[in-house]
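Peer 1: Dropping a prediction and its sequence here:
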Amino acid sequence: MKKRVVITGLGPVSALGEGADTFWSGIAAGRSGIDRVSFGEGDGALPRTAAQVPDFDPEKYVTQRKSLKVMARDIQLAMAGASLAMKDAGLAAPVAEPDRSGVIVGAGVLNHELDELAYSIQNSIGEKGNLDLKKFGQDGIPALFPLWLLKYLPNMPACHISILYDLRGFNNTITTGSSAGLQAVGEAFRILERGDADLMLAGGADSKVNPVGISQYQVMKVLSKAAETNPKNAYKPFDTAADGFVVGEGAGFLVLEELEHAKKRGAKIYAEITGFGSSGPSGCATAMKHALEEAEIAASGISYLQACGLGIPEEDTLELEALEKTFGGAIKDLSVGFSKPNIGFTGFAAGALDLIVSTLSLQQNTVPPVVTRPQFKKSSSFQWGEKSRSKKIQHAMTSAFGFGGQSASMVIEAYEGV
């Protein structure tokens, strides 16, 4: 018999700030954390619009200061999100049942700091001004910090989190692109559902607000050019004027528990996870279909949808077509939101942060506003608005699609205390 799984802790870190209350107040107010940023001298050729976590201090979350030397910013953000989620769930380190507790993290390429690489390359230049591989082996590599590689391995966020909270159970890293955060929660849900754990910490973290990260997207030509002159209002998912996304950074983590375990310790329950679907990069409709089927609910039963809304025209078109196929005539009653104009495109963290938006929307029975109201390429019956509005939300869906990753969709339900 499948176990019931509930959400008992939320840990968002984004350009809107840190913690669930701060995050929700920004989302509900329709505030955007996108602004101009600076990377120091010599960055004139780089786009300077991004959604950066303001005044982030990793020492609030990492008690062993020496550990920061082997933590890239992505890892530091993950530690912050995980810590906030555990605190919100009323849990402290170490957990009471370590062998029945685990962590799944959506992560991927962690960008190197240019200063570290520059010193190594400087020691590797040959007589003709070219990179001399022999000198690189002799003088370049030794110039690197001995534990340098540990800062940038994708599995390190899960490792550091498990050490901090003594999570000795399932430990995994999901690297499925922009759907990774939601996929991580889905994997944790499956583990709890089949009874292989009692408590799981799951989510994702990413930071591309740096020269290396932004240059990657610049080469791919997926960044919004309009955002450089209009930072707050140019990121327009689903809009006829959409011309790409704005880079963001952050972390989103959730504490998931088997229902009876949560009830036994008197945990606050935000919502119950009832369905999860996954498919290939073009399987948006398939992922939603599977999530609805597992939740045993018709599309018409979904009151609120937290859409992916990448802001890349081709991706947005595929998502709109999938929504129309999935919801059909029920689409006229569907309230749709998307958070990327608030917090930027947060990569591996995006799906988990969107799930937190859905969870808080359901708990508050509130449909948050969208920052940029879309002018669709074709007519649509979706409901969205410029201000928050009350609406009874019994079931909500969260989707994470496209841009180098699989499709994922999750359904959550209001927990009625049964």
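Peer 2: Right, received. Where do you want to start?
Peer 1: Verify the stated contact: Thr326 with Ala299.
Peer 2: Yes. Using C-beta atoms under 8 Å, Thr326 is in contact with Ala299, at 5.6 Å. (C-beta placed from N, C-alpha, C; glycine too.)
Peer 1: more neighbours, those two?
Peer 2: Just comparing Thr326 and Ala299: by other C-beta atoms under 10 Å the higher neighbour count belongs to Thr326, 24 against 19.
Peer 1: tell me what whatever helix or strand the more buried one lives in is packed against?
Peer 2: Assigned by DSSP states H and E, Thr326 falls within helix 313-327. The helices and strands touching helix 313-327, judged by 3 or more C-beta pairs under 8 Å, 6 or more residues apart in numbering; DSSP states H and E, are helix 284-295.
Peer 1: what ranges do the strands span in the stretch 1-150 of the chain?
Peer 2: Taking DSSP state E, counting those that start in this stretch, the strands of the stretch 1-150 of the chain run over residues 5-14, 17-18, 34-36, 49-51, 101-106.
Peer 1: Each with direction, which strands does the third one pair with?
Peer 2: Just to be clear, that refers to strand 34-36. Partner strands and pairing direction for strand 34-36 (DSSP bridges) are strand 49-51 (antiparallel).
Peer 1: Please point out which parts of the partner strand sit buried.
Peer 2: Thr49, Ala50, Ala51 (16 or more other C-beta atoms under 10 Å).
Peer 1: just checking, the first one touches Ser38?
Peer 2: No. Thr49 sits out of contact with Ser38 when judged by C-beta under 8 Å, with a separation of 11.1 Å.
Peer 1: Contacts only, for the closest residue to Gly203 other than its chain neighbours.
Peer 2: Using C-beta to C-beta, 6 or more residues apart in numbering and skipping the chain neighbours, the partner closest in space to Gly203 is Phe253 (3.4 Å). Residues counted as contacts of Phe253 (C-beta atoms under 8 Å, 6 or more residues apart in numbering) are 9-12, 78, 81-82, 84-85, 201-204, 352.
Peer 1: mind redoing it with 6 Å?
Peer 2: The neighbours of Phe253, taking C-beta atoms under 6 Å, 6 or more residues apart in numbering as the test, are Gly11, Gly81, Ala82, Ala85, Gly203.
Peer 1: If any of the residues you listed are buried, put those into a ChimeraX selection.
Peer 2: Typed into ChimeraX, the line below selects the buried ones among the contacts of Phe253, using 16+ other C-beta under 10 Å:
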select :11,81,82,85,203
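Peer 1: okay, now Glu314: neighbour count?
Peer 2: 11.
Peer 1: so how far is Tyr61 from it?
Peer 2: According to C-beta to C-beta, to the nearest Å, Glu314 and Tyr61 sit 38 Å apart.
Peer 1: Which parts of this structure are helices?
Peer 2: 20-28, 73-88, 114-122, 133-135, 156-165, 180-193, 211-220, 259-264, 284-295, 313-327, 340-343, 350-364 (DSSP state H).
Peer 1: These: lowest mean pLDDT?
Peer 2: Note on the helices of the chain: lowest mean pLDDT is at helix 114-122, with a mean of 77.
Peer 1: Could you list the buried residues of that one?
Peer 2: Quick answer for helix 114-122 (16+ other C-beta under 10 Å): Ser120.
Peer 1: what's the angle from that helix to helix 211-220?
Peer 2: Here helix 114-122 runs at an angle of 90 degrees relative to helix 211-220 (axes from the mean of the first three to the mean of the last three C-alpha atoms, to 10 degrees).
Peer 1: Okay, now stretch 62-77: how far is its last residue from its first?
Peer 2: Chord length of stretch 62-77, first to last residue, is 10 Å (C-alpha to C-alpha, to the nearest Å).
Peer 1: what comes up buried for it?
Peer 2: Under the neighbour-count rule (16+ other C-beta under 10 Å), stretch 62-77 has Val62, Ser67, Val70, Met71, Ala72, Arg73, Asp74, Ile75, Gln76, Leu77 buried.
Peer 1: Let me know the closest of those residues to Thr346.
Peer 2: Distance to Thr346, by C-beta to C-beta, is smallest for Leu77 among those, at 9.5 Å.
Peer 1: so who does that closest one touch?
Peer 2: Contacts of Leu77 by C-beta under 6 Å, 6+ apart are Val13, Ala205, Ala251.
Peer 1: switch to 7 Å and redo it
Peer 2: Val13, Val53, Ala205, Ser207, Glu249, Gly250, Ala251 (C-beta atoms under 7 Å, 6 or more residues apart in numbering).
Peer 1: Would you mind listing which of these are buried?
Peer 2: Applying 16+ other C-beta under 10 Å to these, the neighbour count classes Val13, Val53, Ala205, Ser207, Glu249, Gly250, Ala251 as buried.
Peer 1: okay, how far is it across stretch 206-214, tip to tip?
Peer 2: One end of stretch 206-214 to the other measures 12 Å (C-alpha to C-alpha).
Peer 1: Check stretch 120-139 too.
Peer 2: Across stretch 120-139, first to last residue, C-alpha to C-alpha, it's 7 Å.
Peer 1: in it, what counts as buried?
Peer 2: Ser120, Asn123, Ser124, Asp132, Phe136.
Peer 1: wait, what's in contact with the third one?
Peer 2: To tie it back to what came earlier, the one meant is Ser124. Residues in contact with Ser124 (C-beta under 7 Å, 6+ apart) are Leu131, Asp132, Lys135, Phe136, Asp139, Gly140.
Peer 1: separation between the first one and Ile121?
Peer 2: Applying C-beta to C-beta, the value for Leu131 to Ile121 is 7 Å.
Peer 1: just the last one next, same as before
Peer 2: Relative to Ile121, Gly140 is positioned 7 Å away (C-beta to C-beta).
Peer 1: still on that earlier bit, what's the most distant pair in the buried residues of stretch 120-139?
Peer 2: Ser120 and Asp132, at 12.4 Å, using C-beta to C-beta across these.
Peer 1: And the chain, what are its domain boundaries?
Peer 2: As given by automatic domain parsing, the domain ranges for the chain are 5-111+152-413, 114-142.
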